[in-house]
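In: Take a look and give me a structure for this.
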Amino acid sequence: MARSDASRPGAPLCVMAWILLASLGADAAPIVAVDDAGHEHRLAQPPARIVTLAPSLTELVFAAGGGGAVVAVDSSSDFPAAARSIPRIGDVARIDVERLLALKPDLVLVWRHGNTTRELDQLETAGLRLFRLEPQRLDEVVRAIERLGQLLGTEATARPAAAALRERLVALRKRHANDPPVRVFYQVWSSPLMTISSKQIVSEVIELCGGRNVFAGLAPLVPQVAIESVLAADPEAIFTADERGSTTLLRRDVDAPAFAAWRRHPRLAAVRGRWLYVLNGDAISRQGPRIVDGATAVCGALDEVRRERGAAKR
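Out: You can find the predicted model right below:
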């Protein structure tokens, strides 16, 4: 009978050596990722020193399990709590380039259309790796966590975190797919009066909950509108983001200063029904993991409108 390879003298050592070499080769495989500007990045190993230049990016990195590698953040990064103790290196208007360079980061995460181009050019000229990320839809927020997990070598944390968010979004879509529509006006700013079009992620949140953004068809991302246009659209619910930094996710607040102009129009459906809501701005406006919390709150508010609207008709 012929002897098997494994039974030959020295064969086990050869097999072990082959397995070791194979595992080393796998570990040495570069990380390849394409950012939202279409730039391909090849990293020999996961970055150990990360800088984030937007609060949404900070939240996404922490959700993906990479918070321990963050060495600096922008001045608005305040969530999760661990981010508040990380050094600040500027904001969307100005980055402290010298201080950032002194930190010697392996990776700088950039909000693609939010950070200043001139200073980003300086960072790239200095040889830093800039990864541009800007999820613009709800599913892209979830996917961003998965992408960061691959980029940062934290997939074991990122995959389940993304899966949990995706499951919540699927459940919201399913639950509200056949809900009676509610006309919604989302007030970004009261003076000048500004709203959102369908291109903005908050409009997708409204649609997800069975709402109808009354200005979805406008071309700009954040268009300016006239009071007369809002009155003509006669929204049944008006939402705005809290400008005072409240930690409350959502509150029904007819007396909020942001709604002063609408209280002068008692025939407006939203005022008549007292369906005026203030949202936590960070949870609804940041394209990060908490936007799913914001979506859940918006859906709850529109459910409230439907219940009370139905009761009033009976």
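In: how close does residue 160 get to residue 306?
Out: Distance, residue 160 to residue 306, using C-beta to C-beta, to the nearest Å: 33 Å. Just so you know, the C-beta spots here come from the backbone N, C-alpha and C atoms, and that holds for glycine as well.
In: Neighbour count for those two, which is higher?
Out: residue 306 (17 against 13; other C-beta atoms under 10 Å).
In: did I read that right, that one in a helix?
Out: Yes. Checked against DSSP: H, G, I helix; E, B strand; the rest coil, residue 306 lies within a helix.
In: That one against residue 178, yeah?
Out: No. Checked against C-beta atoms under 8 Å, the pair residue 306 and residue 178 is beyond contact range at 11.9 Å.
In: Got phi/psi on the residue nearest to residue 95 when sequence neighbours are not counted?
Out: Of all residues not flanking residue 95 in the chain, residue 119 sits nearest, at 4.5 Å (C-beta to C-beta, 6 or more residues apart in numbering). When read as degrees, to the nearest 10, the backbone of residue 119 gives phi -70, psi -30.
In: just the strands in the stretch 51-200 of the chain please.
Out: 70-72, 107-111, 130-133, 182-187, 189-190, 193-194 (DSSP state E, counting those that start in this stretch).
In: Out of these, which gets nearest to residue 29?
Out: Residue 29 lies closest to strand 107-111 among the strands of the stretch 51-200 of the chain, at 18.0 Å (C-beta to C-beta).
In: List of residues touching that closest one?
Out: Contact partners of strand 107-111, identified using C-beta atoms under 8 Å, 6 or more residues apart in numbering, comprise 43, 47, 49-54, 56-57, 61, 92, 100, 120, 123, 128-134, 151.
In: Now that strand: average pLDDT?
Out: For strand 107-111, mean pLDDT is 95.
In: again, but for stretch 38-58
Out: 96.
In: Check the offset of it from the chain's centre.
Out: 16 Å (C-alpha atoms, centre = their mean, to the nearest Å).
In: Give the buried residues for that stretch.
Out: Neighbour-count burial for stretch 38-58 flags 41, 43, 46-47, 50-58 (criterion: 16 or more other C-beta atoms under 10 Å).
In: Likewise for stretch 60-73?
Out: Per 16+ other C-beta under 10 Å, stretch 60-73 contains these buried residues: 60-67, 69-73.
In: Please save the CA atoms from that stretch in PDB.
Out: The C-alpha trace of stretch 60-73 is given here as PDB (Å, rounded to 0.1, in the frame of the first residue of the first chain):
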ATOM      1  CA  LEU A  60     -20.000  56.400  11.500                       C
ATOM      2  CA  VAL A  61     -16.500  55.500  12.600                       C
ATOM      3  CA  PHE A  62     -17.500  54.700  16.100                       C
ATOM      4  CA  ALA A  63     -20.500  52.700  14.900                       C
ATOM      5  CA  ALA A  64     -18.100  50.700  12.700                       C
ATOM      6  CA  GLY A  65     -15.900  49.900  15.600                       C
ATOM      7  CA  GLY A  66     -13.000  52.200  14.800                       C
ATOM      8  CA  GLY A  67     -13.400  54.800  17.600                       C
ATOM      9  CA  GLY A  68     -10.300  53.700  19.400                       C
ATOM     10  CA  ALA A  69      -8.100  54.800  16.400                       C
ATOM     11  CA  VAL A  70      -9.500  58.300  16.200                       C
ATOM     12  CA  VAL A  71      -6.900  60.800  17.200                       C
ATOM     13  CA  ALA A  72      -8.700  64.100  16.300                       C
ATOM     14  CA  VAL A  73     -12.200  65.200  15.300                       C
END
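In: all numbers from here: first residue = 4
Out: Noted, 4 is the first residue going forward, which turns the last one into stretch 63-76.
In: What are the contacting residues of that stretch?
Out: Here stretch 63-76 has contacts from 49-56, 58, 61, 83, 85-86, 89-92, 102-103, 106, 108, 112, 136, 144, 147-149, 151-152, 155, 157, 159-161, 164, 291-292, using C-beta under 8 Å, 6+ apart.
In: from these, which would you call buried?
Out: Buried positions within the contacts of stretch 63-76, assessed by neighbour count (16+ other C-beta under 10 Å), are 49-50, 53-56, 58, 61, 86, 89, 92, 103, 108, 112, 136, 144, 147-149, 151-152, 155, 157, 160-161, 164, 291-292.
In: Low-confidence regions, the chain specifically.
Out: The model of the chain has pLDDT under 70 over residues 4-31, 116-119, 246-249.
In: how close does the nearest residue to residue 200 once chain neighbours are set aside get to residue 197?
Out: Among residues not flanking residue 200 along the chain, residue 221 sits closest, at 4.5 Å (C-beta to C-beta, 6+ apart). Distance of residue 221 to residue 197, given as C-beta to C-beta: 11 Å.
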